[in-house]
Structure formats: C-alpha cells, structure tokens
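Have a look; sequence and predicted model below, questions after that.
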Amino acid sequence: MSTPWRSTLGRLAAIIVAGTLVRAAVAARFPLHFDEAYYWLWARHPDLGYLDQPPMIAYLILLTSRLGDAAIWIRLSSLLLGAATSYVLFLLGREMFDDRVGLLAAALFQVIPILWFGGMTAAPEAPLYLAWVVALRLGWQALHGRPRRWAGVGVAMGLGLLSKLYMVWLGVGLALYAYRYARLHLRRAGPYQGAVIAVLLFLPVVFWNVHHGWANVRFVLHDRPRPEHGLAGFQPLWLVLPDLLFLTPAFVWAVWAMLARARDERFRYLLWTGLPAAAVPVLLAPTGMSRAHWWGPVCLGLAVAVAARWSLPTGIMAACNALVLAWVVVLILAVRPTVPPLSFLYFLYGWNDLAGRVQHEMAQVNDGTIVVTDDYEIAAALGYYGRRAFPVFLAGADPAAIWPRFEDARGANGVGVTYSAFPWTRCFHRSEEVAPEPVALYHRVRIVRLYGLYAPCP
C-alpha cells in the first residue's frame, strides 16, 4: 500500500468513524420518532409489503432489534448503512474526479443534516441512500467500459425500490442520461438486463399490492396525509434549515457549475441523474405532498459536485453548516429539550409515561383489553412504548395497514386516547372521560374509559 493511499485511507476512516460515533451517541439518547416506532411495529408483523412503504426497513429493524428494543438497537442498521454510504460516496467521488473530491464528499455526508439524520434514524432513507449511491457508481462504471456493471445497477435499483419507491427517479435519471448522451448503450443488452433484475427484486411488493387492493397506490395518490397549506409540505424545516442558511448557496452554485460545464460528462452525469428526483418535490410543493427528506437523494449527487468545485467560500459555508449541526447535537446530548432552541423536539418526549398511564386506566376498566385512538402518532408511540402489552386500534385505518381490526374485538372494553374530542358513542356503548395526561410541552391527550365495542370506530 503506497504512502499517499495509506494517508487517504486513514483520513477516510477518521471521517467515517467520527461521524458514525457521533450519530450513535445521538441515536442512543434521542427518543424514537413516531415513524420509527411505526416501522418497529412493522418488524413485529413481517410481510412482503406495507401500506406506506416497501418492507426493507422492517426487516432491517427485525434483524437488529434481536439485540433489544432500545432506540440504539432499532437504529443500528441505519448507523451501519450510513457509514457504508459515506464510503461508497468516497469511491464515487474518487472514480469520477480524485481522492480529494471523494474525501470531501464523504465529509459532506457528515454535515448535511438531511443526510446525517438519514444515516441515523430507523427509516427507509438509510437503505435508500446506500442503494442510490451504489447505483450511481455502478452506472458510471457501466457507461465507461464495464458493461457487466449494469447487472449491479439492477440489483442496487431493486434493493432501493424495496426500501422506498423514490428510487424510481434515479432510474428515470439514468434513462434520460443514456438517451441523450450514451445511446450506444441502449442498443446493448446490459441496461435491459439491469432493468429486469430490478423488476424481479421488486415483484414481492407487487404481489403484496395485488392481494391488498393496490394499497400502496391508494395511499400515495389519495390517502397520504397532506398539510393544510402547500408550502408546509417542506416541513419539518429543522431538518433542512442549516442547509438553507449555509450550504444551499453552495448547492445552487454547484448546479450552475454543472450546467456551465455540460461538456464535462462527469458534471453532466451528476446533473441528469439527479434532475428527476429534484423536480418532484418542486413540482408537488403547491399540492402539499412534498416532504423535506425527498431532497436527501439529490444531496448525495450534489455533495460530489460541491466537492469537485471546492473553494474557500464553499469551505466556510460547510464549516458553518457543521457548527450549527454540532450545536444541535450537543444540545440533544446535554439537555432534555424543554425550552428553546430545542423545544420543537419536545413532542417526542413523555410517551413512555403515557403508556404507563394507559395501563393504569386499563386496570380500572372491567376486562379492559384494547386501546383506541384516532391519531397515527399516538397509535405508533403507544404501540412501541407499551411494548405490545395491549393492542392499539387506529380509527379509520386502511384494512391493509398493520393495525388490528375492530371486527375482531367486538364487545371489548378499553381506553381511548386522543388529542381532541371523539364521537365514542359511534362505536362503544358507554364512555367515561378521566383527567387528561400531558405528554409534551405543548400537548395534552384526552383519556377515556370505554365499554362495549359494537362497531368499527370511524
């Protein structure tokens, strides 16, 4: 091993290990988000597909939660995948440009919050990011004298689709690039073999949808929750706020650089493969369907482009971004966020106490066996913090979701938990409201004793 390469490898290891250790410290301290709790419940019900997302994250959580149900074990697979994504991002930058670009791209993964949290939280983004970068790298190799890599692209695309349907936009980007600048490859079997492999890997999700009335399609087109105002679709802003303040100018400049250097196939490749994924949240923002984390895959390609056009102003902006992220991390590790500037995270706290209160109220109800709520967040949190000590029913849930069916619990007594008033008499013969329970700085939940379930709650 040559001395320069040994030095590069040492720097890369330091970047990845340091970033992973910091994320691990936060992962052990930071309460589970409702989505993570929901995916943990998925892992308790292994299936070929689920209402909201493909099944990859459920099986990753199922694997690591064998070590325990603490947050660190639930997030372990995401931590490892985040480290792997950093490494492959380095390889992509090195192959397209040089070692310096690869190291900078790997370092940017550690300071871009949307990528940083994606490499920590137990959510579909962690496997998606790794599959995305692997497919980008193998696609670049396939276009430059290694046609057998198209099979690897297909495997990465298929695994990405099993993680999150958003992976399809990378396939669109690769197809657009090949059509415009590499049509010779479209006359060969490689790209089509890769597409077939991706489709074959995704078939279990198709099979699940066929047997569940195309629940994924219904959810995406009609049932996905939408905010009241379109621009709120970019929430949560805290996930991207540091980038908006500091790195977004660098990203915009990188896009301009890619356009200005369109004759350079390296920038052209990064531009076209990321363009469809960038267009989707922009075009859908007025509808309220856009989500902040949709920008994550776009930031992966932009990290390489920014690293390739590194300058003193870019370095200053990245350092400021890193300082803001470090400040948030220190506050998470040092204090419970009951006051600004972290009070926006306080809604994640208090659910363990609420689960204990619910169990106490169930003991006060004769033959109390079930918990009912009309809110997904409450259902997910109680499902996790109650450790499945009681079944949680979600009013109005899609039949394809993991929640129990009301038809199977007729006559049951239990406890209702909601943020606001709910028409319990539509599904229970009698109800008794008790003292509310605070679960967060800004929220209290209403707790109701319920008797005699006679119909599904609307």
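Great, that's in hand. Numbers count the residues shown, from 1 in each chain.

need the strands for the chain, in chain order.
Residue ranges of the strands in the chain, as given by DSSP state E, are 368-373, 392-394, 413-418, 428-440, 443-453.

Can you list the strands that the second one pairs with?
Think strand 392-394. The partner list of strand 392-394 in its sheet, established with DSSP bridges, is strand 368-373 (parallel).

Run the chain-centre distance for the strand it pairs with.
Here the centre of strand 368-373 is set off from its chain's centre by 29 Å, with Cα atoms, centre = their mean, to the nearest Å.

list the buried ones in that strand?
The neighbour-count criterion (16 or more other Cβ atoms under 10 Å) identifies 368, 370-373 as the buried residues of strand 368-373. C-beta coordinates here come from the backbone N, C-alpha and C atoms, glycine included.

so which of the residues you listed comes closest to Ala14?
Looking at the buried residues of strand 368-373 and their distance to Ala14, the nearest is Thr373, at 46.3 Å (Cβ to Cβ).

Thr418 is in contact with the closest one, correct?
Yes. Applying Cβ atoms under 8 Å, one finds Thr373 in contact with Thr418, separated by 5.9 Å.

who touches both of those two?
For the pair Thr373 and Thr418, no residue contacts each of them under the criterion Cβ atoms under 8 Å, 6 or more residues apart in numbering.

ok, Ala254 to Pro55 distance?
Counting by Cβ to Cβ, to the nearest Å, the gap from Ala254 to Pro55 is 34 Å.

still on that earlier bit, next, format the buried residues of strand 368-373 as CSV and append pLDDT and distance to Thr121.
Converted to CSV, these look like this (pLDDT from 0 to 100; distance: Cβ to Cβ, whole Å):
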residue, pLDDT, distance to Thr121
Gly368, 77, 33
Ile370, 95, 29
Val371, 96, 25
Val372, 97, 28
Thr373, 96, 23
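
Can you lay out those as JSON lines showing distance to Met317?
Output for those, formatted as JSON lines (distance: Cβ to Cβ, whole Å):
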{"residue": "Gly368", "distance to Met317": "56"}
{"residue": "Ile370", "distance to Met317": "52"}
{"residue": "Val371", "distance to Met317": "48"}
{"residue": "Val372", "distance to Met317": "49"}
{"residue": "Thr373", "distance to Met317": "44"}
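
Of the residues you listed, which is the nearest to Val330?
Nearest to Val330, judged by Cβ to Cβ, of the buried residues of strand 368-373 is Thr373 at 34.8 Å.

partner residues bridging the closest one?
On the basis of DSSP bridges, Thr373 takes part in beta bridges with Leu394.

show me what contacts the closest residue to Arg11 other than its chain neighbours?
Nearest in space to Arg11, with sequence neighbours left out and distances taken as Cβ to Cβ, 6 or more residues apart in numbering, is Leu103 at 5.7 Å. For Leu103, the residues meeting the contact criterion (Cβ under 8 Å, 6+ apart) are 8, 11-12, 15, 90, 93, 307.

ok, which stretches of the stretch 301-450 of the chain are helices?
Taking DSSP state H, counting those that start in this stretch to define them, one finds helices in the stretch 301-450 of the chain at 312-334, 351-364, 376-385.

Which among those is found nearest to His33?
The minimum distance between His33 and those falls on helix 376-385, with 8.8 Å, by Cβ to Cβ.

Does anything pack onto the closest one? Which helices or strands?
In terms of contacts (3 or more Cβ pairs under 8 Å, 6 or more residues apart in numbering; DSSP states H and E), helix 376-385 is packed against helix 34-43, helix 351-364, strand 368-373, strand 392-394, strand 413-418.

on that earlier part again, now mean pLDDT and mean neighbour count too, for the helices of the stretch 301-450 of the chain, in TSV please.
Conversion of the helices of the stretch 301-450 of the chain to TSV gives the following (pLDDT from 0 to 100; neighbours: other Cβ atoms under 10 Å):
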stretch	mean pLDDT	mean neighbour count
helix 312-334	81	15
helix 351-364	91	17
helix 376-385	94	24
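
Give me the below-cutoff pLDDT ranges for the stretch 101-250 of the chain.
Segments of the stretch 101-250 of the chain classed as low confidence (criterion: pLDDT under 70) are 223-247.

re the thing from before, what's the least confident stretch among the strands of the chain?
Among these, strand 428-440 has the lowest mean pLDDT, at a mean of 87.

How far off centre is that one?
Going by Cα atoms, centre = their mean, the spacing between the C-alpha centre of strand 428-440 and its chain's C-alpha centre is 33 Å.

Next: stretch 312-328.
With Cα atoms, centre = their mean as the basis, stretch 312-328 stands 23 Å off its chain's centre.

Could I have the CA atoms of it written out in PDB?
What follows is stretch 312-328, C-alpha atoms only, in PDB (Å, rounded to 0.1, in the frame of the first residue of the first chain):
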ATOM      1  CA  LEU A 312     -12.700  28.900   0.200                       C
ATOM      2  CA  PRO A 313     -16.300  30.200   0.300                       C
ATOM      3  CA  THR A 314     -17.700  26.700   0.000                       C
ATOM      4  CA  GLY A 315     -15.500  25.600   2.800                       C
ATOM      5  CA  ILE A 316     -16.700  28.400   5.000                       C
ATOM      6  CA  MET A 317     -20.300  27.600   4.300                       C
ATOM      7  CA  ALA A 318     -19.700  23.900   5.000                       C
ATOM      8  CA  ALA A 319     -18.000  24.800   8.300                       C
ATOM      9  CA  CYS A 320     -20.900  27.000   9.400                       C
ATOM     10  CA  ASN A 321     -23.300  24.200   8.500                       C
ATOM     11  CA  ALA A 322     -21.200  21.800  10.600                       C
ATOM     12  CA  LEU A 323     -21.200  24.200  13.600                       C
ATOM     13  CA  VAL A 324     -25.000  24.500  13.500                       C
ATOM     14  CA  LEU A 325     -25.400  20.700  13.400                       C
ATOM     15  CA  ALA A 326     -22.800  20.300  16.100                       C
ATOM     16  CA  TRP A 327     -24.700  22.800  18.300                       C
ATOM     17  CA  VAL A 328     -28.000  20.800  17.800                       C
END
